[in-house]
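> need a 3D model of the sequence below.
(4 chains)
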Number of protein chains: 4
Amino acid sequence: MDNNIQQRITASFNKQGLMHTLDAKLALIQAGEVHITVPFSAHLSQQHGYLHAGAVTSIVDSACGYAALTMAPTGYEVVTAEFKINLLRPALGPAFIAIGKVQNAGKLLTVCTGEVRKLDDNGTVGKTVALIQATIVNVVHNG
Amino acid sequence: MDNNIQQRITASFNKQGLMHTLDAKLALIQAGEVHITVPFSAHLSQQHGYLHAGAVTSIVDSACGYAALTMAPTGYEVVTAEFKINLLRPALGPAFIAIGKVQNAGKLLTVCTGEVRKLDDNGTVGKTVALIQATIVNVVHNG
Amino acid sequence: MDNNIQQRITASFNKQGLMHTLDAKLALIQAGEVHITVPFSAHLSQQHGYLHAGAVTSIVDSACGYAALTMAPTGYEVVTAEFKINLLRPALGPAFIAIGKVQNAGKLLTVCTGEVRKLDDNGTVGKTVALIQATIVNVVHNG
Amino acid sequence: MDNNIQQRITASFNKQGLMHTLDAKLALIQAGEVHITVPFSAHLSQQHGYLHAGAVTSIVDSACGYAALTMAPTGYEVVTAEFKINLLRPALGPAFIAIGKVQNAGKLLTVCTGEVRKLDDNGTVGKTVALIQATIVNVVHNG
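Residues are numbered from 1 along each chain as shown, chains lettered A, B, ... in the order given. Have a look, this model is predicted:
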């Protein structure tokens, strides 16, 4: 992974309207692993006041996609083909961290796994609220 | 499905902060099937300006959950245990409709499938952008 | 779909040791849809005497893969990248039919859905025991 | 996990006709983790002579189910509700090991992840050929 990838991921993340709307932040970019954090907010809630599964999914899908991008061949970008997510418990807490990790990087397809965990006020990483397994495709990068 | 379920779904939907943030609307509630629409907006985009997969996922996950609720035993509510989604093409269009349908309603688990399709300005339903298969749990309703 | 694809599918199916072991048969090959049947047998059972989920999965995964092959570009073969399957009820019956259907055929990836249903002695198609959603990759065909 | 669970798993495994047909063996039973091995055999092949995805899936689905059983409340048995599997590379080798691990054991649902890896002739564990994420239900045990 070169600096260029780190810059491309940061630039791409900043262009995502939804990541701004979620107030999500890139917390780590390293080869094969990306972290994204999101604070809880009432405008992201589901009907019981927990973080909505859609918000949980958005950050961990992005974390997996960017993790895959760190391993993509030069000149390629990535598109998520599909993912499967298990929601383990209510997403109740002040903030959350999504951790996406590459499990296998092929020429065409990259398989990632990831999790979303609670983040306590002091930054302690808590219980896992979701587990994901995702398939990401390498496609030729246009511009 | 009685009127009560229709009211419960509408009330539950209105309590979801994320659905307001997405400007999503309940478009249909019938036994075993629920539709939710969302207009495209820049604050829901991914890096290329399409509707973010997280927004696509949020509405179809909710459509499946509420479809399951129409078939849940009296006194129960539902929680999504997991889902798998395939993203078929870029979500590029003025609006989108998520269609969630019950495939099998068991005592404990309900399996739904769903899709998200483009909605043209004249309301024509267009190409499918995502396909989902979800597992929803019936849990005793508290209040 | 030309005759050549039909022949390729039949030849490929016949080379699968596991399909012989399961005593599975190709029941239909048409553009975008393939059916495979399997009789129940004690050597394919799980611990309660039903057809094992592994056998259920084997035939519907193959039905989806061959359905994808009917839509693959000339000169390509297919490889299943991943699938997700819901097991809806015990696979209890004299025989079963797996139905694989193409939902979207892209240049690179094909998405199929499928189901496994009971087959009564008189050939009547009964309840659905499993639902699948699969992602299949087109790869250049070697010989 | 008590001895009783170990005996129940062994007895259950031995009743599975398909596990005999695959010549699969229980290799490890411990709290939250179960291993199953299978030797390659031509009668389990797909069309290119690799181990069929259906056989790969059968052993890792069983490994996950039995791992979940080690954590189930007393008086319960388990049923797999659904799983998602990524097939990472051709299953080419003399033997394979499926490793199922509990990630979260709830009162009702247990979520497991698992993998299938190559086993070389000397017993060395090699590359991962498949990754699974599964949802298993606790149901009251009858007899």
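> any idea how far A:G75 is from A:N142?
10 Å (Cβ to Cβ, to the nearest Å). C-beta: built from backbone N, CA, C; applies to glycine.
> how near is A:V139 to C:R8?
Distance, A:V139 to C:R8, using Cβ to Cβ: 28 Å.
> A:A98 now?
Taking Cβ to Cβ as the criterion, A:A98 is separated from C:R8 by 43 Å.
> repeat that for A:G106.
For A:G106 relative to C:R8 (Cβ to Cβ), the value is 25 Å.
> any weak-confidence spans in chain A?
A:1-2, A:143 (pLDDT under 70).
> so in it, which strand runs the longest?
strand A:125-140 (DSSP state E).
> could you report the neighbour count for A:N4?
For A:N4, the count of nearby residues is 9 (other Cβ atoms under 10 Å in any protein chain shown).
> doesn't it lie inside a strand?
No: per DSSP: H, G, I helix; E, B strand; the rest coil, A:N4 lies outside any strand segment and is helix.
> how about the helix or strand harbouring A:A98 and chain C, touching?
Assessed by DSSP states H and E, A:A98 sits inside strand A:95-105. No: Strand A:95-105 is not in contact with chain C by Cβ under 8 Å from any Cβ of the partner chain; minimum separation 11.1 Å.
> partners of that strand, with directions?
strand A:33-39 (antiparallel), strand A:109-119 (antiparallel) (DSSP bridges).
> now the ones you listed in TSV, with mean neighbour count?
Formatted as TSV, the strands paired with strand A:95-105 follow (neighbours: other Cβ atoms under 10 Å in any protein chain shown):
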stretch	mean neighbour count
strand A:33-39	22
strand A:109-119	24
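> how about TSV for these, with distance to C:L88 added?
Conversion of the strands paired with strand A:95-105 to TSV gives the following (distance: least, Cβ to Cβ, whole Å):
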stretch	distance to C:L88
strand A:33-39	35
strand A:109-119	26
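> what's near enough to touch the most centrally placed residue in chain A?
Taking Cα atoms, centre = their mean, the centroid of chain A lies closest to A:A63, which sits 1.9 Å from it. Residues near A:A63 by Cβ atoms under 8 Å, 6 or more residues apart in numbering or on different chains: A:V34, A:H35, A:I36, A:A98, A:I99, A:G100, A:G114.
> repeat that with 10 Å
Applying Cβ atoms under 10 Å, 6 or more residues apart in numbering or on different chains to A:A63 gives the contacts A:24, A:26-29, A:33-37, A:97-101, A:112, A:114-116, A:132, A:134.
> one step back: who has more neighbours, A:V139 and C:R8?
More neighbours surround C:R8 than the other of A:V139 and C:R8, with 19 against 13 (other Cβ under 10 Å).
> so what's A:N138 bridging to?
Note on A:N138: beta-bridge partners A:V78, judged by DSSP bridges.
> is it true that it touches A:V78?
Yes: assessed by Cβ atoms under 10 Å, A:N138 is found in contact with A:V78 at 6.0 Å.
> which residues do the two both contact?
A:A68, A:L69, A:M71, A:A72, A:L109, A:T110.
> can you tell me the helix or strand for the first one?
Which is A:A68. Counting by DSSP H and E, A:A68 is part of helix A:53-70.
> number of nearby residues for the nearest residue to A:P73 once chain neighbours are set aside?
Using Cβ to Cβ, 6 or more residues apart in numbering or on different chains and skipping the chain neighbours, the partner closest in space to A:P73 is A:N138 (6.4 Å). Here the number of neighbours of A:N138 (other Cβ under 10 Å) works out to 22.
> A:M19 now?
Neighbour tally, A:M19, other Cβ under 10 Å: 24.
> so what's it up against?
Listed by Cβ under 10 Å, 6+ apart, the contact set of A:M19 reads A:12-13, A:25-26, A:36, A:38, A:58-59, A:62, B:45-47, B:52, B:54.
> helix, strand, or coil at it?
Secondary structure, three-state DSSP: A:M19 is helix.
> what sits against A:L87?
So A:L87 contacts A:53, A:56-57, A:116, A:129-131, B:61, B:79-83, B:137, D:111 (Cβ under 10 Å, 6+ apart).
> let's see that with 7 Å instead.
A:L87 makes contact with A:A53, A:V129, A:A130, B:T80, B:A81, B:E82 under the criterion Cβ atoms under 7 Å, 6 or more residues apart in numbering or on different chains.
> which among the residues you listed gets closest to chain C?
Nearest to chain C among the contacts of A:L87 is B:E82, at 9.0 Å by Cβ to the nearest Cβ.
> quick check: which element contains that closest one?
Using DSSP H and E, B:E82 falls within strand B:76-87.
> could you list the contact residues of chain A toward chain B?
Residues of chain A lying near chain B by Cβ under 7 Å from any Cβ of the partner chain: A:12, A:15-18, A:20-21, A:42-47, A:52-55, A:57-58, A:61, A:80-87.
> near chain D, which residues of chain A are found?
Within chain A, the positions near chain D by Cβ under 7 Å from any Cβ are A:K84, A:N86, A:L88, A:Q103, A:N104, A:V111, A:T128, A:L131, A:Q133, A:T135.
> hmm, which two among those are most spread apart?
Distance extremes for the residues of chain A next to chain D: the farthest pair is A:L88 and A:N104 at 23.6 Å, using Cβ to Cβ.
> of these two, who's got more company?
A:L88 (20 against 17).
> need phi/psi at the more buried one.
phi -90, psi -30 (degrees, to the nearest 10).
> what's near enough to touch the residue in chain A positioned nearest to chain D?
When distances are taken as Cβ to the nearest Cβ, chain A reaches nearest to chain D at A:K84, 4.0 Å away. Residues near A:K84 by Cβ under 7 Å, 6+ apart: A:I132, A:Q133, B:E82, B:K84, C:K84, D:K84, D:Q133.
> can you rerun that using 8 Å?
With Cβ under 8 Å, 6+ apart, A:K84 has these contacts: A:I132, A:Q133, A:A134, B:E82, B:F83, B:K84, B:I85, C:K84, D:K84, D:Q133.
> now the residues you listed as JSON lines including distance to C:D121?
Listed next are those as JSON lines, based on distance: Cβ to Cβ, whole Å:
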{"residue": "A:I132", "distance to C:D121": "43"}
{"residue": "A:Q133", "distance to C:D121": "40"}
{"residue": "A:A134", "distance to C:D121": "43"}
{"residue": "B:E82", "distance to C:D121": "36"}
{"residue": "B:F83", "distance to C:D121": "36"}
{"residue": "B:K84", "distance to C:D121": "34"}
{"residue": "B:I85", "distance to C:D121": "38"}
{"residue": "C:K84", "distance to C:D121": "31"}
{"residue": "D:K84", "distance to C:D121": "34"}
{"residue": "D:Q133", "distance to C:D121": "37"}
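> and those, which are buried?
Listed as buried from the contacts of A:K84 are A:I132, A:Q133, A:A134, B:E82, B:F83, B:K84, B:I85, C:K84, D:K84, D:Q133; burial here means 16 or more other Cβ atoms under 10 Å in any protein chain shown.
> distance of the closest residue to the second one other than its chain neighbours relative to A:G17?
Meaning A:Q133. Nearest residue to A:Q133, sequence neighbours excluded (Cβ to Cβ, 6+ apart): D:Q133, at 4.6 Å. Using Cβ to Cβ, D:Q133 is found at 30 Å from A:G17.
> A:K25 now?
A:K25 sits 15 Å away from A:G17, going by Cβ to Cβ.
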